[in-house]
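# everything below, folded, please.
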Amino acid sequence: MYEDNSLKYQAMKKNSKRNHASRVSDIELNSVDAEKEKKECQNNFVELLPPEVTFKIFSQLDIRSLCRASVTCRSWNHAIRHSDSLWKPHCLTVRAVCQREIDDDLESGYPWRVILLRNYQKSKVKHEWLTGRYSNICSPISLPEKIMYPMDADTWGEILEAELER
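Residues are numbered from 1 along each chain as shown. Below is the predicted model of the structure:
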């Protein structure tokens, strides 16, 4: 019985050492993480600069770069996602091709970012159609399926009118 208790005591002592080592390791990891986060904050201009300056920086980006920047980190995503006016110039560019769609979305009260998300791909496909890229297509099989986008009857009417004028 004495040996049993002695073995149990040694096992408990061993577990205690392991738990202590684990806690020390956790504390070290947490301090490393905290240090890493602190460095990231120091290098993150979105958190360091005034919002007007970060807006000016982000406003210099094209659509693709703006979207990529928004997935860089949480603070960038928040700054970009909540600066609706960053998306307005891009929407106005898309409006050159999708005026009716953009105007309808504006009347419906959508924010600029959502309007762009709703109309960007459509504008690219519609532009290709209106410029005659698909004028010589003989069958639906010849259309590049990956870049096609569903269009409403009014859009197809615009495309047909452009084709008839060619």
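# so where's the chain uncertain?
For the chain, applying pLDDT under 70 flags the ranges 1-43, 146.
# at 50 what do you get?
Across the chain, the ranges flagged by pLDDT under 50 are 24.
# count of neighbours near residue 61?
16 (other Cβ atoms under 10 Å). Just so you know, the C-beta spots here come from the backbone N, C-alpha and C atoms, and that holds for glycine as well.
# that one: what's it in contact with?
Residue 61 is in contact with residue 69, counting by Cβ atoms under 8 Å, 6 or more residues apart in numbering.
# sticking with it, tell me its helix or strand.
Residue 61 belongs to no helix or strand when assigned by DSSP states H and E.
# residue 110 too?
Using DSSP H and E, residue 110 sits in no helix or strand.
# so where does the residue nearest to it when sequence neighbours are not counted fall, helix or strand?
The shortest distance from residue 110 to any non-neighbouring residue, by Cβ to Cβ, 6 or more residues apart in numbering, is to residue 118 (7.0 Å). For residue 118, the host element (DSSP H and E) is helix 112-130.
# could you check the angle the very next helix or strand once past that helix makes with helix 112-130?
Going down the chain from helix 112-130, the next helix or strand is helix 153-165, by DSSP H and E. Here the directions of helix 153-165 and helix 112-130 differ by 30 degrees (axes from the mean of the first three to the mean of the last three Cα atoms, to 10 degrees).
# helices and strands around helix 153-165, which ones?
Counting by 3 or more Cβ pairs under 8 Å, 6 or more residues apart in numbering; DSSP states H and E, the packing neighbours recorded for helix 153-165 are helix 112-130.
# list the buried ones in the helix it packs on?
For helix 112-130, a neighbour-count test (16 or more other Cβ atoms under 10 Å) marks 112-113, 115-116, 118-120, 122-123, 125-126, 128-130 as buried.
# next, format those as a markdown table and append distance to residue 95.
Output for these, formatted as a markdown table (distance: Cβ to Cβ, whole Å):
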| residue | distance to residue 95 |
| --- | --- |
| 112 | 11 |
| 113 | 15 |
| 115 | 9 |
| 116 | 10 |
| 118 | 12 |
| 119 | 8 |
| 120 | 11 |
| 122 | 12 |
| 123 | 8 |
| 125 | 16 |
| 126 | 12 |
| 128 | 17 |
| 129 | 17 |
| 130 | 14 |
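# quick one: contacts for residue 103?
Here residue 103 is in contact with residue 95 (Cβ under 8 Å, 6+ apart).
# many thanks, we can stop here.
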